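Undergrad: Make a model of this:
(one chain, ligands or ions: 1)
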Amino acid sequence: MNTMNRRSFLAGCVIASATITVSTALTGCTRSHKKSALSDVLFSHGVASGDPLSNAVIIWTRAIPSTNAMQGDTFATVNVLWEIATDQGFVDIVRVGQVITSESIDYTIKVDVQDLQAATQYYFRFTGAHQISRVGRTKTLPVGDVDSIKLAVLSCSNFPAGYFNAYAEAAKDNQIDAVLHLGDYIYEYAMGGYATQRAEEIGRSISPDNDKETISLVDYRKRYALYRTDKGLLDLHANTPFIAVWDDHEVANDTYKDGAQNHNEGEGGFFERRLAAISAYYEWLPIRPPKGNQSPEIYRHFEFGNLLSLYMLDTRIIGRDKQLEYSEYRDTETNTFNSKEFIHDINKPQRTLLGKKQFDWLSAAISESTAKWQVLGQQVLMSKMMLPIDVFGGDDRSQIPRTIEQLVNIQQALENGQEVSVQELNRLNTKMPYNLDAWDGYPAEREKLYATAQQTNKSLIVLAGDTHNAWHSVLSAQNGLPVGVEFATPAVSSPGMEYYLRTEHETSSKLAQQLPLLIDDLQYCNLHQRGYMTITLTSQKVTAEWIYIDQILSPNYQVAARHKVDYS
Ligand SMILES: [Fe+2]
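TA: Residues are numbered from 1 along each chain as shown. I've put the predicted structure just below:
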């Protein structure tokens, strides 16, 4: 026990069977007594930490009964010891306790370690009868004045699509204070489905006991267990606390408040499936569920001293009205588009992504915050991505680069003062949103949010995932005034625009240079490289850096490119 005194040891000692053990309960245990009761386990999926506060952090592991321990025994519960220290050698242990887990929560363990010091780096580990887990590193949030905070932002890791080299690279950066995970931590698809084509070839198959689409609690648990074998992901979890929210694929593609594109009646009740999905998520992610382990209300906020308020939002499960589809407004017989009805429907003032409760919570929190920066960690692009309607014309996607080239030529002619026909001008200026699944499909609520920012004189730093590509846009309200900036992270391994358009790297790079010329608010994009993003905030400026890795087909990768931008 070394430098830890008896009083602090007792304060940290607790036995509980809930998913989250809060470590402030007092018991009369001693360490030697505890050790004798520890179970023979395997720490099969590493360690993790998350949801740091200035005085607390969640630590996580999974402790499955070892093969020896299972012989002739059903092992309803297992006991392990947890320790948290200020040094890697565990000389200065500041909290310690014992925790019970069982099959009922997939042998996952979460401890909400309390009474920690602010802005402090800690090390943690778990101990069974004969085993010690790897050592995890975590950090509590600061209070008061803060010079600088560095966040890593990641999303969309698809196991069969490739190796999680972006996680591996982020794990090497010891300057990162917290990882924001914006969802698609897993994908629900079966082998043979989306992004699984090369899985076998690259050694990323899903085992036969989990290779169907995930529906049940057992299915989702097995999928998390698979993903948590990737070395890059294990290293990042061990090295940095996560602050995570889900996107749609933690449940099913294009989820909304009472259904999903990738859910049908044959798969059982949607709400049953959703409960299974969120239960497994809460079990496997180092998260402090704000409303308990059964509640879909995941939105919550974090204060990094007086530098930034971070709001982690759910744009999928709680409040989202079903996405509109362009195809529903097209008359297939006459091939005409009912734009009047579409415009009426998309602009309905009650149409919502967040839902009233979450919106009101966010609006009040932004209004009350005294922090320099208001950071929104959420899933889908918020900026206006209005593209000339010509780009959408026809079913042949291979024509899109050529159409964009033509439109850019018209745009450049216009800028150079050359003559442009009325017809060409119409081609350029008749625009529609490219993705109705994003905030573009919910413009009234977006304007309401922008109005909150304007009324309270706050600048929004919006972070997004979901698209698998990198984007930097200004956020502009209907009145033309800027309300902030959006930085979107590329996927860890899910395929991006280059897959959709079937374009080679060279064409993708050219398209990425052309798109900002056609989309008013877009400043920069990358359409073909996987990676992640860091956001460094000081009182003076916010710096976004995109880090792209060269390939995902093997774990032997290199950083291929970086792009950096300042916002103040
Ligand atoms: Fe994704």
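
Undergrad: Walk me through the domains of this structure.
TA: As assigned by the TED database, the chain contains the domains 19-141, 143-385+434-494+530-567.

Undergrad: Redo these as CSV? Include distance to residue 407.
TA: In this view, the C-beta of every residue, glycine as well, is placed from N, C-alpha and C. CSV is the format used below for those (distance: least, CB to CB, whole Å):
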stretch, distance to residue 407
domain 19-141, 45
domain 143-385+434-494+530-567, 13
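
Undergrad: looking at these, which has the lowest confidence?
TA: Comparing mean pLDDT across the domains of the chain, the lowest value falls on domain 19-141: a mean of 86.

Undergrad: of all the domains of the chain, which lies closest to the ion?
TA: With respect to the ion, and counting by CB to the ion, the nearest of the domains of the chain is domain 143-385+434-494+530-567 at 3.4 Å.

Undergrad: about what we covered before: got the domains of the chain as TSV, with distance to the ion and mean neighbour count columns?
TA: Supplementary listing: the domains of the chain in TSV, determined by distance: least, CB to the ion, whole Å; neighbours: other CB atoms under 10 Å:
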stretch	distance to the ion	mean neighbour count
domain 19-141	20	19
domain 143-385+434-494+530-567	3	19
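
Undergrad: My guess is residue 87 contacts residue 123. True?
TA: Yes: contact criterion CB atoms under 8 Å: residue 87 and residue 123 qualify, at 6.5 Å.

Undergrad: Now do the phi/psi pair for the closest residue to residue 485 other than its chain neighbours.
TA: For residue 485, the nearest residue in space outside its immediate sequence neighbours is residue 567; the separation is 4.8 Å by CB to CB, 6 or more residues apart in numbering. Dihedral angles of residue 567 (phi, psi; degrees, to the nearest 10) stand at phi -140, psi 130.

Undergrad: need the contact list for residue 567.
TA: Residue 567 is in contact with 461, 485, 541, 542, 543, 544, counting by CB atoms under 8 Å, 6 or more residues apart in numbering.

Undergrad: what's the next secondary structure element after the helix or strand hosting residue 448?
TA: Secondary-structure assignment from DSSP states H and E places residue 448 in helix 443-455. On the C-terminal side of helix 443-455, the closest following helix or strand by DSSP H and E is strand 460-464.

Undergrad: elements contacting that following strand?
TA: Other elements packing on strand 460-464 under the criterion 3 or more CB pairs under 8 Å, 6 or more residues apart in numbering; DSSP states H and E are strand 373-377, helix 443-455, strand 470-476, strand 482-488, strand 531-538.

Undergrad: follow-up on the earlier one: quick one: list the elements packing against the helix holding residue 448.
TA: Under the contact definition 3+ CB pairs under 8 Å, 6+ apart, helix 443-455 sits against helix 356-368, strand 460-464, strand 482-488.

Undergrad: can you redo the helices and strands packed on strand 460-464 as JSON lines with distance to residue 332?
TA: Supplementary listing: the helices and strands packed on strand 460-464 in JSON lines, determined by distance: least, CB to CB, whole Å:
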{"stretch": "strand 373-377", "distance to residue 332": "39"}
{"stretch": "helix 443-455", "distance to residue 332": "27"}
{"stretch": "strand 470-476", "distance to residue 332": "33"}
{"stretch": "strand 482-488", "distance to residue 332": "34"}
{"stretch": "strand 531-538", "distance to residue 332": "40"}
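
Undergrad: Can you say which of the ones you listed is nearest to residue 519?
TA: Taking CB to CB, strand 470-476 is the member of the helices and strands packed on strand 460-464 nearest to residue 519, at 7.9 Å.

Undergrad: how far does the helix or strand hosting residue 137 sit from the chain's center?
TA: When elements are defined using DSSP H and E, residue 137 is found to belong to strand 136-139. Remark: strand 136-139 is offset 19 Å from the chain centroid, using CA atoms, centre = their mean, to the nearest Å.

Undergrad: Now do that strand: everything it contacts.
TA: For strand 136-139, contacts defined as CB under 8 Å, 6+ apart pick out 47-49, 52, 57, 59, 88, 119-125, 177-178, 237-241.

Undergrad: show me the contacts for residue 520.
TA: 384, 386, 476.

Undergrad: so who does the last one touch?
TA: Put plainly, it is residue 476. For residue 476, the set of contacting residues under the criterion of CB under 8 Å, 6+ apart consists of 384, 482, 483, 520, 521.

Undergrad: now the first one
TA: With CB under 8 Å, 6+ apart as the criterion, the residues that contact residue 384 are 433, 440, 473, 476, 519, 520, 521.

Undergrad: Just give me the neighbour total for residue 423.
TA: Neighbours of residue 423 under the rule other CB atoms under 10 Å: 9.

Undergrad: Helix, strand, or coil at it?
TA: Under DSSP: H, G, I helix; E, B strand; the rest coil, the three-state class of residue 423 is helix.

Undergrad: so what's residue 526 closest to, chain neighbours aside?
TA: Per CB to CB, 6+ apart, closest to residue 526 is residue 470, 4.0 Å.

Undergrad: which residues touch that neighbour?
TA: Under the contact definition (CB under 8 Å, 6+ apart), the residues listed for residue 470 are 488, 489, 490, 524, 525, 526, 529, 531, 533, 546, 548, 563.

Undergrad: Against residue 121, how distant is it?
TA: Noted for residue 470: a distance of 30 Å to residue 121, by CB to CB, to the nearest Å.

Undergrad: Spit out the contact partners of the closest residue in space to residue 450 that isn't next to it in sequence.
TA: The spatial neighbour of residue 450 that comes closest, neighbours along the chain excluded (CB to CB, 6+ apart), is residue 477 at 4.1 Å. The neighbours of residue 477, taking CB under 8 Å, 6+ apart as the test, are 447, 450, 451, 454, 483.

Undergrad: biggest separation within the contacts of residue 384, which pair?
TA: Spanning the widest gap among the contacts of residue 384 are 433 and 476, at 14.3 Å by CB to CB.

Undergrad: For residue 517, which residues are in contact?
TA: Residues near residue 517 by CB under 8 Å, 6+ apart: 408, 411, 412.

Undergrad: Mind giving me the packing neighbours of the helix or strand hosting the last one?
TA: What it means is residue 412. According to DSSP H and E, residue 412 maps onto helix 400-415. Using 3+ CB pairs under 8 Å, 6+ apart as the contact criterion, the neighbours of helix 400-415 among helices and strands are helix 422-429, helix 505-518.

Undergrad: Quick one: list the elements packing against the shortest one.
TA: Applying 3+ CB pairs under 8 Å, 6+ apart, one finds that helix 422-429 makes contact with strand 386-388, helix 400-415.
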